[in-house]
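[1] 3D, please:
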Amino acid sequence: MKFQLTKSDNTTNARAAKLITDHGVIKTPIFMPVGTLGTVKGIHNKELQKDVDAEIILGNTYHLYLRPGMSIIKKSGGLHKFMGWNRPILTDSGGYQVYSLSANRKIKEEGVKFKSHIDGSYHFFTPENVVEIQKNIGADIIMPLDECTPYPCNYKYAKQSMDRTHRWLKRCLEEHYKSPPKYEHEQTLFPIVQGSVFSELRKESAHFVASQNALGNAIGGLSVGEPADEMYAMTNTVCEILPKNKPRYLMGVGTPINLLENIALGVDMFDCVMPTRNGRNGMMFTSNGTINIKNQKWKNDFSPLDSSGYSYVDKDYSKAYVSHLFSVNEMLGKQILSLHNLSFYLWLVRQARKHILEGSFHSWKEKMVKNMQQRL
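    Numbers count the residues shown, from 1 in each chain. From the prediction side, this is the model:
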């Protein structure tokens, strides 16, 4: 994997770059649609490639490990072949599930024992087998086992968790470097910065992660309920330390405004379930604000979903029609808004890149943030 920095913004820390992998070139800033179980919910691969033009998607180690399981994925030749996707894939290690399944897991120095949410069976993730699982999945970018601390948590717990995450990282890297890829493409591991919302811990973790000299780095443990200002403060602290010549991935973030504010701080990569999850629930993101298509005001609005034309659905379908689809619980409405929202997110980061290259990012970003704060 190679990272080529193209241009940095003059008034912010935003940057435009290229991430070169064996499955294709990713132009950053980039948003990664979440394909937890080997599919981005409700979206065909053809639409992901030709309409949304997603350059990379995300899969989840925890969920893929449980279903369909490693045996099937290995027999298929890896996740790329299994799901018919020939572009880059990133897999989360399952650290977020450690956080979200707090009632059904036990953290030890060796790893994490957890109870399947599907059938109640018990499993054990270690730093070593999480790397092995991701090697079998075949993702281009893989993550180490870490603990995503809850918000709020006290300093002592955040410190203990961070130190354990660092010890796990060393074991992950050792396993990663000694075990070759399972398929005919390179796999790269991104260490994860933790430390909750404590600036001192974030600095310590960022220095530790930077010292591992990996090809890219990630920032975890944010967007877990903390105020946006605290998220931005922690991101800024970490980005000032992580090397500028390597990609920075902010995990699980976030709203369109979150994306723009964190791009301004120096983040290159994002993922979040929000575009599809909110789309399935009737929320539509646009450059002029958010729309709840279930509101009665859209029942007689025959204008296109969005005049900016992020995707074909914006000009093919009216607000009144999609409002009708939701009122009768027709699955097509959920698909249309999922596709629209993904297209909008990818349009947004590409516009950010365009304005970084043109030297007008800051003024454009301020205008967009103001627009997107509106509820239409």
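
[2] what sits against the residue of the chain positioned farthest from its centre?
    Largest separation from the mean C-alpha position in the chain: N300, at 35.8 Å (C-alpha atoms, centre = their mean). Counting by C-beta atoms under 8 Å, 6 or more residues apart in numbering, N300 touches A320. Using the backbone N, CA and C atoms, a C-beta is placed for each residue, glycine as well.

[3] I figured L265 was touching N13, is that so?
    Yes. Contact status for L265 versus N13: in contact at 5.5 Å, counting by C-beta atoms under 8 Å.

[4] quick check: L325 touching L337?
    No. Counting by C-beta under 8 Å, L325 sits too far from L337 to count as a contact (9.1 Å).

[5] between these two, which is the more surrounded one?
    L337 (29 against 20; other C-beta atoms under 10 Å).

[6] the helix or strand hosting the more buried one: which residues count as buried?
    Using DSSP states H and E, L337 sits in helix 331-358. By 16 or more other C-beta atoms under 10 Å, the buried positions in helix 331-358 come out as 333-353, 355-356.

[7] what lies in contact with the following helix or strand past that helix?
    Counting by DSSP H and E, the next helix or strand C-terminal to helix 331-358 is helix 361-372. The contact list for helix 361-372, computed with C-beta under 8 Å, 6+ apart, reads 9, 11-12, 14, 256-257, 260-261, 263-264, 285, 287-290, 348, 351-352, 355.

[8] find the residue at the geometric middle of the protein.
    Using C-alpha atoms, centre = their mean, the most central residue of the chain is D271, at 1.6 Å.

[9] can you name the residues that contact that one?
    F31, M32, P33, V34, L58, L90, M251, G252, V253.

[10] for those residues, which one is nearest I20?
    Lowest distance from I20 to those (C-beta to C-beta) belongs to L90, with 14.6 Å.

[11] the closest one pairs with what?
    For L90, the beta-bridge partners are L58, I141 (DSSP bridges).

[12] does it touch T61 like I think?
    No. Judged on C-beta under 8 Å, L90 makes no contact with T61 at a distance of 10.6 Å.

[13] between these two, tell me which one has more neighbours.
    A count of neighbours by other C-beta under 10 Å puts L90 above the other of L90 and T61, at 27 against 24.

[14] returning to what we had before: tell me the buried residues within the contacts of helix 361-372.
    If you count burial by 16+ other C-beta under 10 Å, the buried members of those come out as 9, 12, 14, 256-257, 260-261, 263-264, 285, 287, 290, 348, 351-352, 355.

[15] ok, those vs C148, which is closest?
    Proximity of these to C148 (C-beta to C-beta) peaks at E261, which lies at 20.7 Å.

[16] in a markdown table, list the contacts of D271 along with distance to V131.
    Shown next, in a markdown table, are the contacts of D271 (distance: C-beta to C-beta, whole Å):
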| residue | distance to V131 |
| --- | --- |
| F31 | 26 |
| M32 | 20 |
| P33 | 24 |
| V34 | 21 |
| L58 | 17 |
| L90 | 14 |
| M251 | 17 |
| G252 | 21 |
| V253 | 24 |
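
[17] which ones among those map onto helices?
    Among the contacts of D271, none falls in helices (DSSP state H).

[18] in strands only, show me those.
    Mapping those onto strands (DSSP state E) picks out F31, M32, L58, L90.

[19] from those, which is closest to S179?
    Distances from S179 to those, taken by C-beta to C-beta, are shortest for L90, at 18.6 Å.

[20] residues contacting that closest one?
    M32, I56, I57, L58, G59, A139, D140, I141, I142, M143, Y249, D271.

[21] and the residue nearest to R15 when sequence neighbours are not counted, backbone torsions?
    Nearest residue to R15, sequence neighbours excluded (C-beta to C-beta, 6 or more residues apart in numbering): S8, at 4.5 Å. Main-chain torsions, S8, degrees, to the nearest 10: phi -110, psi 140.

[22] ok, S8 touching I263?
    No. In this structure S8 lies outside contact range of I263 using C-beta under 8 Å: 11.8 Å.

[23] between these two, which contacts overlap?
    Residues touching both S8 and I263 comprise A14, with contact defined as C-beta under 8 Å, 6+ apart.

[24] just checking, which helix or strand of the chain averages the lowest pLDDT?
    Lowest on mean pLDDT, DSSP states H and E among the helices and strands of the chain sits helix 95-100, with a mean of 73.

[25] and the helix or strand just after that one, what does it pack against?
    Sequence-wise, the next helix or strand downstream of helix 95-100 (DSSP H and E) is strand 105-107. The contact analysis (3 or more C-beta pairs under 8 Å, 6 or more residues apart in numbering; DSSP states H and E) places strand 105-107 against strand 112-115.

[26] against which helices or strands is the strand it packs on packed?
    helix 95-100, strand 105-107, strand 122-125.

[27] how about the ones you listed in TSV, adding mean neighbour count?
    Conversion of the helices and strands packed on strand 112-115 to TSV gives the following (neighbours: other C-beta atoms under 10 Å):
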stretch	mean neighbour count
helix 95-100	21
strand 105-107	14
strand 122-125	16
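
[28] quick one: which of those is nearest N245?
    Here helix 95-100 is closest among those (C-beta to C-beta), at 25.6 Å.
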